[in-house]
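In: I would like to see how this sequence folds:
(one chain, ligands or ions: 1)
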Amino acid sequence: MKWTESAWEHITPLYNTILQMPFNQELMMGTLPLEKFKFYMAQDAYYLGEFGKALSMISARMEKTEHVLAFSQFASGAIVVERALHEGYFKTLGLPENVNPSPSCLLYTNYLLKEAAYGNIETAVAAVLPCFWIYKKVGDYIYHNQKGIEGNPYKDWIDTYSGEDFAKSVALALEITDELAGQTSASGQEKMLQAFEMASKLEWMFWDSAYRLEKWEV
Ligand SMILES: Cc1ncc(C[n+]2csc(CCO)c2C)c(N)n1
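Out: So this is what the prediction gives:
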């Protein structure tokens with residue numbers, strides 16, 4: 001079995017929990033309060049900037065030229081493609097220019113940056129994978145289960161993550177992850193699994209924190 005297949009099996013209960021989160025169910029139905037989506041978008045703008053840096057760092061640490069190229073394309077994709085989505089929503093929703101990251105957002109981005117800088121390269125790759133893979137699965141699920149997409153204010157978000165371009169990036173990220181997993185020991189693969197699970201939990205926290213409009217308590 002491929003490493004990615006067993007990793008997905010491992011997080012399937014968590015993935016099912018993510019699908020049922022009120023944030024995702026209401027986004028799918030178009031009933032998510034705008035205030036929550038705005039909070040999410042602002043936090044996501046911060047997240048994407050840091051995520052782009054983590055991907056660039058992973059790119060620089062890769063041995064194979066093809067992997068360097070793939071991760072540098074992911075990094076620019078994270079910034080360019082996502083910026084288009086954000087700029088659209090930033091204009092219509094009136095989002096702030098500077099974002100103070102919420103506790104969950106900061107936890108997630110700092111975790112990814114730490115793995116990208118100091119983790120084994122295969123562990124760093126496993127840590128960024130949920131960002132691609134869970135979003136692809138959630139995007140597809142929402143796309144296929146929504147009703148009356150045309151009237152949904154979150155249509156652009158849904159289209160981005162259920163689209164073909166994004167599917168290609170995810171397939172490439174999965175292929176590279178399996179290649180690196182194949183070159184590491186059983187304990188290396190276990191560390192990858194832990195990083196993959198941790199980042200998946202942090203994805204859950206990111207959505208949950210947006211729904212709660214999470215604040216710093218002090
Ligand atoms: C919290 C959070 N997690 C994942 C994504 C999705 N995402 C961000 S960058 C990227 C790869 C290149 O486009 C993907 C899939 C998001 N937007 N916000």
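In: and this structure, which of its residues are near the ligand?
Out: Contact residues, the chain versus the ligand (CB under 6 Å from any ligand atom): 44, 47-48, 51, 74, 77-78, 81-82, 131-132, 135, 169, 203, 206. Placement of C-beta: from N, CA and C, glycine included.
In: Quick check on those: which are buried?
Out: Buried residues within the residues of the chain next to the ligand, counting neighbours by 16 or more other CB atoms under 10 Å: 44, 47-48, 51, 74, 77-78, 81-82, 131-132, 135, 169, 203, 206.
In: Identify each buried residue in the strand or helix carrying Lys114, please.
Out: Element membership for Lys114, per DSSP states H and E: helix 103-118. Along helix 103-118, these residues count as buried under the neighbour rule (16+ other CB under 10 Å): Ser104, Cys105, Leu106, Tyr108, Thr109, Tyr111, Leu112, Leu113, Glu115, Ala116.
In: Closest one of these to Met62?
Out: Of all those, Met62 sits closest to Ala116, with 11.3 Å by CB to CB.
In: Which strand or helix spans the residue nearest to the spatial centre of the chain?
Out: The centre of the chain sits closest to Cys131, judged by CA atoms, centre = their mean, with a distance of 2.3 Å. Take DSSP H and E as the rule and Cys131 turns out to sit in helix 121-145.
In: What are the buried residues along that helix?
Out: For helix 121-145, by 16+ other CB under 10 Å, it's 121-142.
In: about what we covered before: which helices and strands does the helix holding Lys114 pack with?
Out: helix 34-61, helix 121-145, helix 186-211 (3 or more CB pairs under 8 Å, 6 or more residues apart in numbering; DSSP states H and E).
In: Pipe these into JSON lines and attach mean pLDDT per row.
Out: What follows is those, written out as JSON lines (pLDDT from 0 to 100):
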{"stretch": "helix 34-61", "mean pLDDT": "95"}
{"stretch": "helix 121-145", "mean pLDDT": "97"}
{"stretch": "helix 186-211", "mean pLDDT": "98"}
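In: who wins for proximity to Ala7 among those?
Out: Of all these, helix 186-211 comes closest under CB to CB, at 5.0 Å.
In: Please report the distance of the residue nearest to Ser59 when sequence neighbours are not counted from His10.
Out: Once flanking residues are discounted, Ser59 sits nearest to Phe71: 3.5 Å by CB to CB, 6 or more residues apart in numbering. Counting by CB to CB, to the nearest Å, the separation of Phe71 from His10 is 24 Å.
In: got it, and Met21?
Out: 19 Å.
In: Now that we're looking at the residue lying closest to Glu50 once chain neighbours are set aside, what pLDDT does it have?
Out: The shortest distance from Glu50 to any non-neighbouring residue, by CB to CB, 6+ apart, is to Thr109 (3.8 Å). Note for Thr109: predicted pLDDT of 98.
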